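Colleague: here's my sequence, what's the structure:
(one chain, ligands or ions: 3)
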Amino acid sequence: MLEFSPSSAGAETADTPCAVVGLFEGAMTEAASAIDRVAGGALARLRDSGDFTGKAGTTLVLHGVAGVKAPRVLLVGLGRREEFDGHAYARACGEAGNVLKGLPIKSAAAWLPQVEVPGHDADWRVRTCALAIDHACFRYTATLKPANGDAPRLAKLELAAGADAGRGLEQARALARGVACARELGCLPPNLCTPAHLAAQAKTIADEHPGVKLEVLEREQMQQLGMGALLAVASGSANPPRLIVLEYRGGGEAKPFALVGKGVTFDTGGMNLKPTGSMEEMKYDMCGAASVLGAFLAAVELKLAINLVCVVPAVENMPDGASYRPSDVLHTHAGITVEVLNTDAEGRLILCDALAYTCRRFQPQALVDAATLTGACVIALGKHASGLFSADDALAEQLLRAGSESLDRAWRLPLWNDYRNQLESAFADIANIGGKSAGAVTAALFLSRFTEGTRWAHLDIAGTAWNEGRKGYATGRPVPLLAQWLIDRAESR
Ligand code: BES
Ligand code: MN
Ligand code: ZN
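Modeller: Ligands and ions are numbered 1, 2, ... in the order given. Model prediction:
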């Protein structure tokens, strides 16, 4: 994680290893003009020669620019001003981050937050710039040899913020911590990131923040609570399950908001074993858990004036002699019976007990879960939007808005009862799969049965939680969306 600080210097006079300035196609920004002026029109010549036109996605590192104190100037193309919006801004900041992480420097300073972005204020620009550059500089290290003798790495980022962007910086720090927490947990291999490890991580959060309360339920307590679905999924694994419950009180006597995250530390599919090609990335099946822990951490760091609980059912889904099987009927905490028709639809089984438990115990004023729940959601929305499901229009609207504001977007899909007969079972109250069509919808509908009477929304993050491929990392989504939603809730009290 980068350390962020404000800078009030001019781009041409600042004492920094690298000054980062933006240029539009056909127009300079204030910081670029300042550099161009002291450098005798150097940037104008680059533009006129076509060497650097300001096209979106382009960057150029200049060395020893005459008249400029910083030894390096990083030019960042902002594209055409007419097309410039929040997304273009964040993309340009991310491109700057991609270059900065490859330079042998420990710090840099960016004047990008001075650039006006339609629909957004200075706090947003500072925060978004800081987070985009931090995101680009993320590197997984947990199981790699220490990078001894490597070139220095970017650790500090100054942001030309103006006097009034302190709140933006503060939010950037908290969000960067939350996102980093989610990405590190997501990337950690499943032999290390077990249910017990997730619980240990929650303990670290609780230990570092007096006032945060942690409870970790083990198998025996889940048995007493009748959590037959959660326990069934856990039954094939040598790594025993945990039910993690974090509580933060910053909102007096108000009912809490609640976050619940799917924590399947590895999803083999169970007896319905996944084939080669479908299992390799299933260490990321705990990204829902990681993201609610990250959002909780961000909310606590910001000392938001709300009460908040965070509940994580953590299990591993393995085939074994003790595993649950297709056609088993499970008795859930809510008293609803479930026929297992596919052991690979395990996320909804651990969530149904965790959701019912959260509703009963905390009676939250709103409950949001995040889960890498269905491949069908990836087919529907790809990697750009999380699937959002809620019967509550106001809650759905809040979450969609938080997603746009944080550039961590969700898209609403239906939760209509029209789909309900797909979940009918001859042997239990409900089946755990709904057949071929509308897989993301039937999964969400399954969950809805266990949150009746509570304002609830579900985020299917199967497409957004990690970047696929051998070198794909966890993205940290939807930490920005969830944290923004909580910030908004605290501010709208
Ligand atoms: N963790 C998977 C969902 C998943 C699949 C996420 C691919 C990201 C990429 C989930 O537990 C699962 O296996 N879902 C099944 C459900 C099916 C058996 C009804 C799926 O989507 O295939
Ligand atoms: Mn599965
Ligand atoms: Zn899964």
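Colleague: tell me how many other residues crowd whichever residue of the chain sits closest to ligand 2.
Modeller: For the chain, the residue closest to ligand 2 is residue 344, as judged by CB to the ion, at 3.8 Å. For glycine as for every other residue, the C-beta is placed from the backbone atoms N, C-alpha and C. Residue crowding around residue 344 was assessed by other CB atoms under 10 Å; the count is 20.
Colleague: pull out the buried positions in stretch 416-429.
Modeller: 419-420, 422-423, 425, 428-429 (16 or more other CB atoms under 10 Å).
Colleague: how about the residues of the stretch 351-493 of the chain by ligand 2?
Modeller: Taking CB under 5 Å from the ion, no part of the stretch 351-493 of the chain reaches ligand 2.
Colleague: ranges for the strands of the stretch 351-493 of the chain?
Modeller: All strands of the stretch 351-493 of the chain, identified by DSSP state E, counting those that start in this stretch, fall at 366-371, 386-390, 410-412, 430-431, 456-460.
Colleague: which helices and strands does the third one pack with?
Modeller: I take that to be strand 410-412. strand 386-390, helix 393-405 (3 or more CB pairs under 8 Å, 6 or more residues apart in numbering; DSSP states H and E).
Colleague: and residue 84, which of the ones you listed is closest to it?
Modeller: Evaluated over those, closeness to residue 84 peaks at helix 393-405, with 16.4 Å, by CB to CB.
Colleague: can I assume residue 260 sits in a strand?
Modeller: Yes: the assignment for residue 260 by DSSP: H, G, I helix; E, B strand; the rest coil puts it in a strand.
Colleague: let me see the domain layout of this structure.
Modeller: 3-162, 175-491 (automatic domain parsing).
Colleague: which residues touch residue 69?
Modeller: Each residue near residue 69 by CB atoms under 8 Å, 6 or more residues apart in numbering is listed here: 12-15.
Colleague: what is the burial count for the residue of the chain found nearest ligand 3?
Modeller: As assessed by CB to the ion, ligand 3 sits closest to residue 267 within the chain, at 3.7 Å. When neighbours are counted by other CB under 10 Å, residue 267 registers 26.
Colleague: please name the nearest non-neighbouring residue to residue 88.
Modeller: Nearest residue to residue 88 in three dimensions, chain neighbours excluded: residue 79, at 5.5 Å (CB to CB, 6 or more residues apart in numbering).
Colleague: just residue 255 next, same as before
Modeller: residue 365 (4.2 Å).
Colleague: ok, back up a step: just checking, the residue of the chain closest to ligand 3 touches residue 278?
Modeller: No: if you go by CB atoms under 8 Å, residue 267 and residue 278 don't touch, sitting 9.5 Å apart.
Colleague: show me what from the stretch 251-400 of the chain comes close to ligand 1.
Modeller: Within the stretch 251-400 of the chain, the positions adjacent to ligand 1 are 267, 285, 342, 344-347, 372-376, 378 by CB under 6 Å from any ligand atom.
Colleague: just the pLDDT at residue 150, thanks.
Modeller: The per-residue pLDDT reported for residue 150 equals 68.
Colleague: meant to ask about residue 145
Modeller: 89.
Colleague: what about it, which SS state?
Modeller: Once three-state DSSP is applied, residue 145 turns out coil.
Colleague: related to what we said a few turns ago, buried subset of the residues of the stretch 251-400 of the chain next to ligand 1, written for PyMOL?
Modeller: A single PyMOL command selects the buried members of these (16+ other CB under 10 Å):
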select buried, resi 267+285+344+345+346+347+372+373+374+376+378
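Colleague: and which of the residues of the stretch 251-400 of the chain next to ligand 1 is nearest to residue 404?
Modeller: residue 378 (21.1 Å).
Colleague: so who does the closest one touch?
Modeller: Residue 378 is in contact with 462-463, counting by CB under 8 Å, 6+ apart.
Colleague: can you check residue 264 too?
Modeller: Counted by CB under 8 Å, 6+ apart, residue 264 has contacts 233, 282, 285-286, 315-317, 346-347, 350, 372.
Colleague: reformat those as TSV; add pLDDT.
Modeller: Output for those, formatted as TSV (pLDDT from 0 to 100):
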residue	pLDDT
233	99
282	98
285	99
286	99
315	99
316	99
317	99
346	99
347	99
350	99
372	99
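Colleague: count the residues that sit near the residue nearest to residue 456 when sequence neighbours are not counted.
Modeller: Distance criterion CB to CB, 6+ apart; nearest residue to residue 456, sequence neighbours excluded, is residue 367 at 4.6 Å. Number of residues near residue 367 (other CB under 10 Å) recorded here: 25.
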